[in-house]
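S.K.: Provide a 3D model corresponding to the input given below.
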Amino acid sequence: MLNLDKLEHHPLSEQLVKILCEKVQNDNPLFFRVLVAYYFSVVASSMRCTIATHDRGDIPVNLYALNLGNSGSGKGHSTTIMETEVVHLFRQRFVEDSQAAQRQQNLPRLSLKRANRKKTDPDEELVRVHKEFDDLGTLAFSFDSATPAAVKQQRHKLLMAGAGSVNLQIDEIGSNLVGNIDVLNTFLELYDVGLIKQKLIKNTAENKRAEEIIGRTPTNMLLFGTPAKLLNGSKVEEELYSMLETGYARRCLFGYSRANHRSHDMTPEQVYDRLTNKGNNVFMQALADKLEALADMINVSKRLVMSKETSLLLIEYRIHCETVAATYAEHEEIKKAEISHRYYKALKLAGAYAFVDESAELTSAHLYNAIALAQESGDAFNQLLTRDRNYVKLAKYMATAKREVTQADLVEDLPFYRGAMGQKTEMLSLAIAYGYKNNIIIKKSLSDGIEFLRGETLKVTDLDRMPLAYSQDIADDFVSEYAPFDKLHKLTQAQELHWVSHHISGGHRNEDNCIPGFSLVVLDVDGGVRMNTVRDLLKGYRYLLYTTKRHTEEDHRFRIILPINYELKLDAKDYKEFMSNIYEWLPFAVDTATNQRARKWLSHNGHHEYNDGELLDALPFIPKTSKNEERKQLMTTQSSMDNLERWVLNNAGDGNRNNLMLRYAMILVDAGFGFDDIKNRVLILNDKMAEKLAPNEIYATVMVTVSKALAKVIVANH
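M.R.: Residues are numbered from 1 along each chain as shown. All right, here's what the predicted structure looks like:
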């Protein structure tokens, strides 16, 4: 019974993977698991190991892998270790002994077969076969680039030799992919059973067409490099996804490690001990000797059998993969192809595990070990498909650039930022939209007709850490601290404390000493509006309100402290514009001369109250941003309205027009307006709306409620 919940990796492979992790100081094992699987498959396929399946006949053991890891993850180092300390003895014995011995047996058989077919002299045919073999050049155990013709030539020589496999290993695949498209297309055909059609060339005296040999040659392929170079949003990435769609998705095992898990808390001595672990060296030497022994002639063309139990397990896994594939949408063809053929990749890998274990049978344990890596490979493949889109890369680039950039900088630094100006403008718009949802703000400015762009990653406000500074002196000895918002009243209600909404460097309060970074907006209401009106207008926002020294029942004077949703780092000029934008947005008058970062506020032990609600969205007020431009455009279209009318209209929510008018009228009641003034203002706002209410409806509903509210006010005052 298939159980995917408790999968374990191949024990011998996993022990080697752990050693590689230690030697290259990277604790992320996936890259090394795929790497080891590839080399084990090379060992098995070089000896022409096959799996005797119950339904598909004999299939060769071989493996294709796309193995990606960040720079510094140990890709090159681990590959060198595998080739010089693990498979080197196998390679030497195979090339010098086994392959040579097999060739000495196979070439006479081939010549005799040809002589019988063509009725020629066997000795003369043997001479021609040897000459043909020598003319094909030296056999390459592995290679990093090729042409389709050279691959077919190498394959023809391997067929003549009767041993060996075609092994393609391309490092820095991001830089070398485009140049190897032709050979990679050839390898598509070779994967399943090692068959490929020969190319028909003109036969001449100087260039004779070789006699075709019907046979199979296993092929292995390892493509590795950095994700950034391969997934760069340009032609390279387009070619990669074209390859995956064409067939590499179903053929490859995938490794995709975007993070290097290096341990930084070890001492130099501990690192040295890991690098020089004698036990690891002993194991690797024993493994190298074991693989060397596998190059014995007795293992050539080894045929692994499968029990019915193992075959049923494979069928069950295939059904599982096909069931999952059926859940994908029609446009997810690449994902469907990968998972529906995952069982076949697992089968071939299980054959490699069985071969290095010197087993005569491919067991259920080998298949489970292979499924464990196949499942990890599938997860890596899905991560590969969910890579950042180009506009996301653009947004992240600007967020981390830490400088203003121009269009020229973007074209020079980003390979995917190409095409017509319209395409670039659209990509930039998408990047800005992505930024709004992912805490990245992108600002635009013009200087001498040149557009400058600057990105910044916004930090979400932590309500337990609001930056501020305070002092008993009006200008000096300011102490910078972080305070929780729900305890802010302890500062505002203290006796004679001066405070600012920024940290102060050096303790002296002035503009130059303000450290960028604030998450509080402070509004100074110096008369003209009553607290009840403000409570109603701001009831959807979180704030702290406290009265000042000059507050009286007749003349309300108070401050409102609103936390914003992001901690912003603005210079003096941008902060002043930011606050001016907020003043412009507010539906009531405040002191507009308080828009400096170094502005100080005085505490007062009067009335205070908190209101629970949403944090004020800072994005529409940040200068040089599209969000701010949208806000300004909306204000332009509503230029005929005053601030209160605009506020009520834009903050009406989903209520109907009658409720909107009633809310506006009740705000005017709280503000102390008389019946006639309220009626006239309601009728004026109604006329400015696209869909007006009938005046009779306003009189019969809104104004009736207003008259009752005003009557209660008169009674309360008497």
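
S.K.: Output the strand or helix carrying Glu269 as PDB - backbone C-alpha positions only.
M.R.: Under the criterion of DSSP states H and E, Glu269 resides in helix 268-275. This file holds the C-alpha atoms of helix 268-275, laid out as PDB (Å, rounded to 0.1, in the frame of the first residue of the first chain):
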ATOM      1  CA  PRO A 268      36.800  28.300  13.100                       C
ATOM      2  CA  GLU A 269      37.900  25.100  15.000                       C
ATOM      3  CA  GLN A 270      34.400  23.600  14.600                       C
ATOM      4  CA  VAL A 271      34.500  24.400  10.900                       C
ATOM      5  CA  TYR A 272      37.900  22.800  10.500                       C
ATOM      6  CA  ASP A 273      36.800  19.700  12.300                       C
ATOM      7  CA  ARG A 274      33.800  19.300   9.900                       C
ATOM      8  CA  LEU A 275      36.000  19.900   6.800                       C
END
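
S.K.: So what touches stretch 662-681?
M.R.: Outside stretch 662-681, the residues that touch it by C-beta atoms under 8 Å, 6 or more residues apart in numbering are 529-530, 532-533, 536-537, 644-645, 648, 652, 655, 682, 685, 701-703, 705-707, 709-710, 713. Where you see a C-beta, it was placed from the backbone N, CA and C, and this is true even at glycine.

S.K.: Which positions in stretch 27-40 come out as buried?
M.R.: Across stretch 27-40, burial judged by 16 or more other C-beta atoms under 10 Å covers 28-40.

S.K.: Distance of His366 relative to Val356?
M.R.: Distance, His366 to Val356, by C-beta to C-beta, to the nearest Å: 10 Å.

S.K.: scratch that, Leu304 is what I was asking about
M.R.: Counting by C-beta to C-beta, the separation of Leu304 from Val356 is 12 Å.

S.K.: higher neighbour count, His366 and Val356?
M.R.: Relative neighbour count places His366 above the other of His366 and Val356, with 25 against 22, counting by other C-beta atoms under 10 Å.

S.K.: I'd like the mean pLDDT over the helix or strand containing the more buried one, please.
M.R.: Assigned by DSSP H and E, His366 belongs to helix 364-385. In this model, helix 364-385 has an average pLDDT of 95.

S.K.: Show me what secondary structure element comes after that helix.
M.R.: helix 390-401.

S.K.: Now do the SS call for Ile196.
M.R.: coil (DSSP: H, G, I helix; E, B strand; the rest coil).

S.K.: what are the phi and psi values for it?
M.R.: phi -160, psi 150 (degrees, to the nearest 10).

S.K.: From Arg389, how far out is the nearest residue to Asn605 once chain neighbours are set aside?
M.R.: Closest residue in space to Asn605, ignoring its immediate chain neighbours: Gln493 at 4.7 Å, by C-beta to C-beta, 6 or more residues apart in numbering. Between Gln493 and Arg389 the computed distance is 50 Å (C-beta to C-beta).

S.K.: same question, Cys514
M.R.: 38 Å.

S.K.: Counting neighbours around each, name which of these two comes out higher.
M.R.: When Cys514 and Arg389 are compared for neighbours, Cys514 comes out ahead with 24 against 15, by other C-beta under 10 Å.

S.K.: what is the more buried one paired to in the beta sheet?
M.R.: Ile504 (DSSP bridges).

S.K.: pLDDT at it, what is it?
M.R.: Per-residue pLDDT puts Cys514 at 95.

S.K.: which residues does it contact?
M.R.: Val500, His502, His503, Ile504, Ser505, Ala572, Arg597, Ala598.

S.K.: and for the helix or strand of the chain at the bottom of the mean pLDDT ranking, what are the contacting residues?
M.R.: Within the chain, no helix or strand scores below helix 268-275, which has a mean of 72 by mean pLDDT, DSSP states H and E. With contact meaning C-beta under 8 Å, 6+ apart, helix 268-275 is reached by Glu22, Lys23, Gln25, Met266.

S.K.: The same query, at a cut-off of 10 Å, please.
M.R.: Ile19, Cys21, Glu22, Lys23, Val24, Gln25, Ser263, Met266, Thr267, Asn280 (C-beta atoms under 10 Å, 6 or more residues apart in numbering).

S.K.: Now do it: distance to the chain's middle.
M.R.: Put simply, helix 268-275 sits 33 Å off its chain's centre (C-alpha atoms, centre = their mean, to the nearest Å).

S.K.: Report the next helix or strand after it in sequence order.
M.R.: helix 278-293.

S.K.: Put the alpha carbons of that next one into PDB.
M.R.: The C-alpha trace of helix 278-293 is given here as PDB (Å, rounded to 0.1, in the frame of the first residue of the first chain):
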ATOM      1  CA  LYS A 278      38.400  11.500   9.100                       C
ATOM      2  CA  GLY A 279      35.300   9.400   9.300                       C
ATOM      3  CA  ASN A 280      33.900  11.100   6.200                       C
ATOM      4  CA  ASN A 281      37.100  10.600   4.300                       C
ATOM      5  CA  VAL A 282      37.100   6.900   5.200                       C
ATOM      6  CA  PHE A 283      33.500   6.500   4.100                       C
ATOM      7  CA  MET A 284      34.200   8.300   0.800                       C
ATOM      8  CA  GLN A 285      37.200   6.100   0.100                       C
ATOM      9  CA  ALA A 286      35.200   3.000   0.800                       C
ATOM     10  CA  LEU A 287      32.400   4.200  -1.500                       C
ATOM     11  CA  ALA A 288      34.900   5.000  -4.200                       C
ATOM     12  CA  ASP A 289      36.300   1.400  -3.900                       C
ATOM     13  CA  LYS A 290      32.700   0.100  -4.000                       C
ATOM     14  CA  LEU A 291      31.900   2.000  -7.200                       C
ATOM     15  CA  GLU A 292      35.200   0.800  -8.700                       C
ATOM     16  CA  ALA A 293      34.200  -2.800  -8.100                       C
END
